[in-house]
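Asker: make a model of this:
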Amino acid sequence: MLVNNKKIKLPSALPRRLKWGVSGCGIYAEEYFLPALQQVQRSKLVAVYSHDNKRAKEIASKFGAAYSYDDFDSFLASDIDSVYISSVNSDHYQQVIKAAKAKKNILCERPIAVTSEQAEKMIAVCKENNVWLIINHQHRFHPHVHKAKELIDKQMVGKIVSISTTYHTDFPADGNFRMKKELSGGGVLRDLGAQMIDLLRYFGGDISESKAFLDNVVYKSDSEDFAAAVVKFNSSGYGSFSVSYDCKKASNRIEIIGHNGSVSIENFFGKKNSVSKLIIDIQGEARKVFRKRSNKLVLMLRSVQRSFIKNEVPEVSGEDGLANMRIIEEIEKQFTK
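Answerer: Now for the predicted structure:
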């Protein structure tokens, strides 16, 4: 397995400045990822890949990449040592395996793949080729999320009773590849739900079972626009999440309730550099409220860069992506559409 307490053996020392290739030129890569990458010292965008050559050239020009490609093999053969996979979900499997065999360290969008079987194979190939596979679960890197995790680990909130996460935004089905099963494998559960499941596991540990609902509340398509579930943690207590593409007024929140008190985070996901609020309410202490502006993507990329350059175990691994995918599949098995 990639995630352990030992360093993997790399075929050769990586340069002190990462040379990135980005595969996939969607809105997220253009408006969020690439602007964040520009803020990370010792990382440089070198090459861009898209199945649409015009789009690849456009993004390369906009962000100063030397090369653009509409052939993935040629893209991998360019002067890059790290790859960000931002393509549609159905392309993750093939692209990660090819990148691993080309000896590139990999940052992959969530969900890791379309199936857990694909994820297992991707992890195995990365291990065989001595490269890192990291999944972009950026919410773990928010300072307020880190603080909440610290309070849990120090048992300040006591034994966990309940952890809930919600994330609701508006994303009409028209033009949204996530609502096309042949491209995404499923709807909002695999997109926003994957992020909430990862946060539940980050705070509460392994999950043993789930009870869920999937539905189309506003937008009608072959994939769900609403998902909710209650899960049981192996160690203690329960978790829950709800996500949707149905709300024009976006809303997101985390609430952790323990025997000794509670911690909540409001607006942990929003526009770039938006302000979130952390509320700590512990028995015997005054209620505390903190507000902070933070760019999670920049913080995540700095962590990824350390793993790639210094050969350090990543904070979010391929195994995390696999664990999240298995929970998604367990939820999906409860429904037939």
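Asker: how close does the residue lying closest to N89 once chain neighbours are set aside sit to Y219?
Answerer: Closest residue to N89 apart from its sequence neighbours, by Cβ to Cβ, 6 or more residues apart in numbering: S184 at 4.7 Å. Using the backbone N, CA and C atoms, a C-beta is placed for each residue, glycine as well. Distance of S184 to Y219, given as Cβ to Cβ, to the nearest Å: 14 Å.
Asker: just A228 next, same as before
Answerer: Taking Cβ to Cβ, one finds A228 at 16 Å from Y219.
Asker: so which elements touch the host helix or strand of S251?
Answerer: Taking DSSP states H and E as the definition, S251 sits inside strand 246-258. If contacts are counted by 3 or more Cβ pairs under 8 Å, 6 or more residues apart in numbering; DSSP states H and E, strand 246-258 sits against helix 143-153, strand 160-170, strand 261-266.
Asker: how many other residues sit next to V83?
Answerer: For V83, the count of nearby residues is 26 (other Cβ atoms under 10 Å).
Asker: no wait, G64
Answerer: 11.
Asker: same check on R17?
Answerer: Using other Cβ under 10 Å: R17 sits among 12 other residues.
Asker: what does I106 give?
Answerer: Look at I106: counted by other Cβ under 10 Å, it has 26 neighbours.
Asker: and the helix or strand that contains it, how far from the chain's centre?
Answerer: Per DSSP H and E, I106 falls inside strand 105-108. Distance of strand 105-108 from its chain centroid, counting by Cα atoms, centre = their mean, to the nearest Å, is 12 Å.
Asker: now swap in stretch 141-159 and tell me
Answerer: 19 Å.
Asker: repeat that for stretch 27-47.
Answerer: On Cα atoms, centre = their mean, the centre of stretch 27-47 falls 16 Å from that of its chain.
Asker: swap in stretch 182-190?
Answerer: 15 Å.
Asker: please apply the same query to stretch 304-312.
Answerer: Using Cα atoms, centre = their mean, the offset of stretch 304-312 from its chain centre is 18 Å.
Asker: so where do the strands sit in the stretch 1-150 of the chain?
Answerer: 18-23, 43-49, 67-69, 82-85, 105-108, 133-135 (DSSP state E, counting those that start in this stretch).
Asker: how close does V48 get to V22?
Answerer: For V48, the distance to V22 (Cβ to Cβ) stands at 5 Å.
Asker: what is in contact with the two at once?
Answerer: I59, A65 (Cβ atoms under 8 Å, 6 or more residues apart in numbering).
Asker: tell me the secondary structure at the closest residue to A228 other than its chain neighbours.
Answerer: Spatial nearest neighbour of A228, excluding adjacent residues (Cβ to Cβ, 6+ apart): S242 at 4.0 Å. What DSSP: H, G, I helix; E, B strand; the rest coil gives for S242 is strand.
Asker: let me know whether S242 touches V188 as I believe.
Answerer: No. Assessed by Cβ atoms under 8 Å, S242 is found out of contact with V188, at 9.9 Å.
Asker: restrict stretch 80-90 to CA atoms and write it as PDB.
Answerer: What follows is stretch 80-90, C-alpha atoms only, in PDB (Å, rounded to 0.1, in the frame of the first residue of the first chain):
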ATOM      1  CA  ILE A  80       6.900  17.200 -16.700                       C
ATOM      2  CA  ASP A  81       7.400  15.200 -13.500                       C
ATOM      3  CA  SER A  82       4.000  15.700 -11.900                       C
ATOM      4  CA  VAL A  83       0.500  15.300 -13.300                       C
ATOM      5  CA  TYR A  84      -2.900  16.800 -12.200                       C
ATOM      6  CA  ILE A  85      -5.800  14.700 -13.500                       C
ATOM      7  CA  SER A  86      -8.800  17.000 -13.800                       C
ATOM      8  CA  SER A  87     -10.600  15.100 -16.600                       C
ATOM      9  CA  VAL A  88     -14.100  13.500 -16.400                       C
ATOM     10  CA  ASN A  89     -14.400  10.700 -13.900                       C
ATOM     11  CA  SER A  90     -14.500   8.000 -16.600                       C
END
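Asker: outside of that stretch itself, list whatever touches it.
Answerer: Taking Cβ under 8 Å, 6+ apart as the rule, stretch 80-90 contacts 14-15, 18-26, 28-29, 33, 43, 46-47, 76, 91-92, 95-96, 99, 104-109, 111, 113-114, 177-178, 182-185, 190, 308.
Asker: which of those residues are buried, as a PyMOL select command?
Answerer: To isolate the buried members of the contacts of stretch 80-90 in PyMOL, using 16 or more other Cβ atoms under 10 Å:
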select buried, resi 14+18+19+20+21+22+23+24+25+26+29+33+43+46+47+76+91+92+95+96+99+104+105+106+107+108+109+111+113+114+178+183+184+185+190+308
